[in-house]
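*Asks:* Just a sequence and a predicted model for now, questions to come.
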Protein chains: 2
Amino acid sequence: MDLSDRSRDILKAIINSYIATAEPVGSRTVTKRYELGISPATVRNIMADLEELGFLAQPHTSAGRIPTDKAYRFYIDTMLEVKPVPEERIMKYSLPTEDFAKLMQETTNMLSSLTHYTGIVMAPKPAETVYKHIEFIRIDARHALAIFVSSAGIIHNRMVSLDENMTHKELEDLSAFLNKEFAGKTLGEMRSRLTAMMDEDRNRYNRLLSKLMKVWQESAGAQEATEADVFYGGLTGMFDVPDFRDIDKMKELFYAFEEKHRLVSLLDKAIEADGVQVFIGSENKFFDMQGVSLVVARYRGEGNIVGTLGVIGPSRMPYNQIIPLVDCTARVLGRLISGR
Amino acid sequence: MDLSDRSRDILKAIINSYIATAEPVGSRTVTKRYELGISPATVRNIMADLEELGFLAQPHTSAGRIPTDKAYRFYIDTMLEVKPVPEERIMKYSLPTEDFAKLMQETTNMLSSLTHYTGIVMAPKPAETVYKHIEFIRIDARHALAIFVSSAGIIHNRMVSLDENMTHKELEDLSAFLNKEFAGKTLGEMRSRLTAMMDEDRNRYNRLLSKLMKVWQESAGAQEATEADVFYGGLTGMFDVPDFRDIDKMKELFYAFEEKHRLVSLLDKAIEADGVQVFIGSENKFFDMQGVSLVVARYRGEGNIVGTLGVIGPSRMPYNQIIPLVDCTARVLGRLISGR
DNA sequence: TATTAGCACTCGGGTATGCTGAGTGCTAAC
DNA sequence: GTTAGCACTCAGCATACCCGAGTGCTAATA
């Protein structure tokens, strides 16, 4: 992408203006608001070039231009300068750490009130977190609740049905056994270990163990299980974004929100890379919506806890503020999860 | 409220017509669609009377009339005939009982897809459920996770900080002690019992116990704690209700959804009465929105588990279908929670 | 006395029309 | 290569208009 300096300046001016006003920007506006020592006519010529290159688009003939997804991408990759956010700005929200689910929820709310867009947090994946403790609690003769507790206090639980004749003592033994063998492992590790063990030694817990394995399989099988672990905050913020002040656009947006598994697929991709990632408009096939972008970052805590968090908003977003904010929030959340 | 039979018939016809079409209904429509052997002029006279009584309103001069909240209230109280819903209709959704939170969520989704409105479920209040088991799991030197498990497999957990010098053994003892003393009690009962005990015997767990009590207090203190236990399903359904096809109306609605505590206050009222309750439009001060109604019922399971569930939709709702549906869902959910 | 037919009136919604202003592209001059 | 000038485009807004559904009132009717 080789643009002349002047073209870059003009593109930048247009994007900045559009981010600020949400209005298509014309050649006159560019020359007036940004002192480039250039006449509108010249700007027009360059704008025509930029349009041909796919950076700009016209809503209609007699309107100014607006940046395309490609322009935002270029802008973010090559000419964005972010200033880091002081952590105090985020710390002062004093998120509650005594209840994990609540922490997740409050983080989305915080993201939302910091950005005025919709905050999103994906809880750490069960399959990849290290569990500290496993507990069985008998509910009735035929059922017990299996509880997995991670080092950060995250809890996953699942009802399992028991053999009729399993005694209280046996259940306790099983619990102790599992804790001894599996504490400090991830679900994934537990599963492979379990498979091996079941092969070599057909012990008496066999049936229950195989049931447990199924439970783990479900939890590990990304999709279904993790849908429950996507949190939104400040959905209403979207109503105040002028880009979405249209009932059908809004409807589309909320439908997308409700289909969490698409979002999960997308966020899963973000979990691998370090730093903040931006998905602009229809760049990705999972959350493919015109005019909607995501700014996402990974957070990490002790005990192999990894999740993602971010913001959903219009592509016309003040990235220079949103990106460092998401970045900082991810760091803070990671710390909160670890440090108790 | 003494209306002549004919007035009642006409009012009923108007309400039915408006529920079906969402269009203001005029005198001609009434005579044409409902055979009452009466001329439009007569209907007009009666409509004028009904308007004066506050049952009807005119959006503008040259439009037909629409029912007021008062009319819906009268309609539901005096002339609604519901036919019970066969439970199979609901059973076939096969809700998942192995994970309580998921059960709640899936119930809202079911309510939504049965009604095409927004489903809502309030989980049983922690303060009033009977707990079967209490467990402490040490997270690190200074923190433990307190886990409360109810007989239905509902889990509440809270991080508590420990005295530095509390040994593993002591924690276990405490756990055993609490289970012995408190299993089968509600949080409320536990609390009063605990207070009594702390007065008479200043034992070594005193400090931790008082901290626990604070935790319980929070959980019991309705508002904050129970907000997390309100589940919505099918928010997007609202976008397809013609009454709400307006961005500002929608915004108002979603703002109301986000303020869960208002809803909690309202649903708390419904928890006391048996049977289905209907809150029409601005009848109540908690969820006061023009044109929005709630149909709510209480569900009950074993172990003193009580919660509410229902549907949020336009006041212009086919109550004769929605009411029995909500009623039946409440019964089924109650059974699912109990029967394991 | 209650009901009804007739009629004038109201008013939202749709359509046609015209104007305005922001913005463009092109051309010719600098 | 840049710029001034000019003709052209088109969304948005306002105005005017008509249509039709619906009302309220009055006078005739059963």
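*Replies:* All right, it came through fine. All figures in this text were calculated on a predicted structure; none of them were measured in a lab. Numbers count the residues shown, from 1 in each chain, chains lettered A, B, ... in the order given.

*Asks:* so how far is A:M289 from the closest residue to A:T108 other than its chain neighbours?
*Replies:* Leaving aside its sequence neighbours, A:T108 sits nearest to A:G233 (C-beta to C-beta, 6 or more residues apart in numbering or on different chains; 2.7 Å). Just so you know, the C-beta spots here come from the backbone N, C-alpha and C atoms, and that holds for glycine as well. Applying C-beta to C-beta, to the nearest Å, the value for A:G233 to A:M289 is 19 Å.

*Asks:* and if you look at A:Y232?
*Replies:* Distance of A:Y232 to A:M289, given as C-beta to C-beta: 15 Å.

*Asks:* do the same with A:I134
*Replies:* Taking C-beta to C-beta as the measure, A:I134 falls 41 Å from A:M289.

*Asks:* Comparing these two, which shows the higher neighbour count?
*Replies:* The neighbour comparison of A:I134 against A:M289 (other C-beta atoms under 10 Å in any protein chain shown) goes to A:I134, with 23 against 17.

*Asks:* quick one: secondary structure of the more buried one?
*Replies:* strand (DSSP: H, G, I helix; E, B strand; the rest coil).

*Asks:* Could you check the pLDDT of the residue lying closest to it once chain neighbours are set aside?
*Replies:* In space, not counting the residues next to it along the chain, A:I134 is nearest to A:L178; the distance is 4.7 Å by C-beta to C-beta, 6+ apart. You'll see A:L178 listed with a pLDDT of 83.

*Asks:* Would you confirm that A:L178 belongs to a strand?
*Replies:* No: assigned with three-state DSSP, A:L178 falls outside any strand and is helix.

*Asks:* Tell me how many other residues crowd it.
*Replies:* A:L178 has 22 neighbouring residues, counting by other C-beta under 10 Å.

*Asks:* what's the spacing between A:P124 and chain B?
*Replies:* Separation of A:P124 from chain B (C-beta to the nearest C-beta, to the nearest Å): 15 Å.

*Asks:* Not counting sequence-adjacent ones, nearest residue to A:G301?
*Replies:* A:I337 (3.3 Å).

*Asks:* Could you measure from that neighbour over to DNA strand D?
*Replies:* As judged by C-beta to the nearest atom of the strand, to the nearest Å, A:I337 and DNA strand D stand 47 Å apart.

*Asks:* Equivalent analysis for A:A152, please.
*Replies:* Distance, A:A152 to DNA strand D, using C-beta to the nearest atom of the strand: 50 Å.

*Asks:* Next up, phi/psi of that residue, please.
*Replies:* Dihedral pair for A:A152: phi -90, psi 0, per degrees, to the nearest 10.

*Asks:* Test my guess that it contacts A:S338.
*Replies:* Yes: if you go by C-beta atoms under 8 Å, A:A152 and A:S338 touch, sitting 7.2 Å apart.

*Asks:* Quickly list what's touching both of the two.
*Replies:* Common neighbours of A:A152 and A:S338, using C-beta atoms under 8 Å, 6 or more residues apart in numbering or on different chains, are A:301-303, A:305.

*Asks:* which residues in the stretch 151-300 of chain A form helices?
*Replies:* Along the stretch 151-300 of chain A, the segments classed as helices by DSSP state H, counting those that start in this stretch run A:168-182, A:187-200, A:206-220, A:223-227, A:247-258, A:260-270.

*Asks:* and A:G153, what does it touch?
*Replies:* By C-beta under 8 Å, 6+ apart, the residues touching A:G153 are A:100, A:340, B:139, B:143, B:145, B:157, B:159.

*Asks:* Check the burial of the residue nearest to A:G301 by counting its neighbours.
*Replies:* As a burial measure, A:I337 scores 25 neighbours (other C-beta under 10 Å).

*Asks:* Test my guess that it contacts A:E302.
*Replies:* Yes: using C-beta under 8 Å, A:I337 is in contact with A:E302, at 7.2 Å.

*Asks:* Overlap of the contact sets of those two?
*Replies:* A:A152.

*Asks:* Can you name the residues of chain A that neighbour DNA strand D?
*Replies:* Chain A has residues A:37-39, A:41-42, A:45, A:60-63 near DNA strand D, with proximity defined as C-beta under 7 Å from any atom of the strand.

*Asks:* what's the farthest-apart pair in those?
*Replies:* Pairwise distances across the residues of chain A next to DNA strand D peak at 29.8 Å for A:G37 and A:H60 (criterion: C-beta to C-beta).

*Asks:* From the structure, what's the count of residues near A:N165?
*Replies:* Counted with other C-beta under 10 Å, the neighbours of A:N165 add up to 7.

*Asks:* Contact partners for A:Q105?
*Replies:* A:121, A:231, A:233, B:228.

*Asks:* which non-adjacent residue is nearest A:S151?
*Replies:* Nearest non-adjacent residue to A:S151, counting by C-beta to C-beta, 6+ apart: A:G303, 3.7 Å away.

*Asks:* these two touch, right, the one you found and A:H133?
*Replies:* No: counting by C-beta under 8 Å, A:H133 is not a contact partner of A:G303; they are 11.9 Å apart.

*Asks:* more neighbours, those two?
*Replies:* When neighbours are counted by other C-beta under 10 Å, A:G303 and A:H133 differ, and A:H133 comes out ahead with 22 against 19.

*Asks:* Give the bridge partners for the more buried one, please.
*Replies:* A:V149 (DSSP bridges).

*Asks:* residues in contact with it?
*Replies:* A:148-149, A:179, A:183, B:137.

*Asks:* and the contacts of A:Q105 as CSV, adding neighbour count?
*Replies:* Below are those laid out as CSV (neighbours: other C-beta atoms under 10 Å in any protein chain shown):
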residue, neighbour count
A:V121, 27
A:F231, 21
A:G233, 23
B:A228, 15
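
*Asks:* Can you tell me who the residue nearest to A:T108 pairs with across the strands?
*Replies:* Residues in beta-bridge contact with A:G233 (DSSP bridges): A:G119.

*Asks:* where's it relative to A:L111, distance?
*Replies:* Note on A:G233: its distance to A:L111, by C-beta to C-beta, is 6 Å.

*Asks:* Residues in contact with both of these two, list them for me.
*Replies:* The contact lists of A:G233 and A:L111 share A:119-121, where a contact means C-beta under 8 Å, 6+ apart.

*Asks:* Where in chain A is the helix or strand with the lowest mean pLDDT?
*Replies:* Every helix and strand in chain A was compared by mean pLDDT, DSSP states H and E; the lowest is helix A:223-227, with a mean of 55.

*Asks:* Residue in the stretch 151-300 of chain A with the shortest distance to DNA strand C?
*Replies:* Closest to DNA strand C within the stretch 151-300 of chain A is A:I247: 15.6 Å, counting by C-beta to the nearest atom of the strand.
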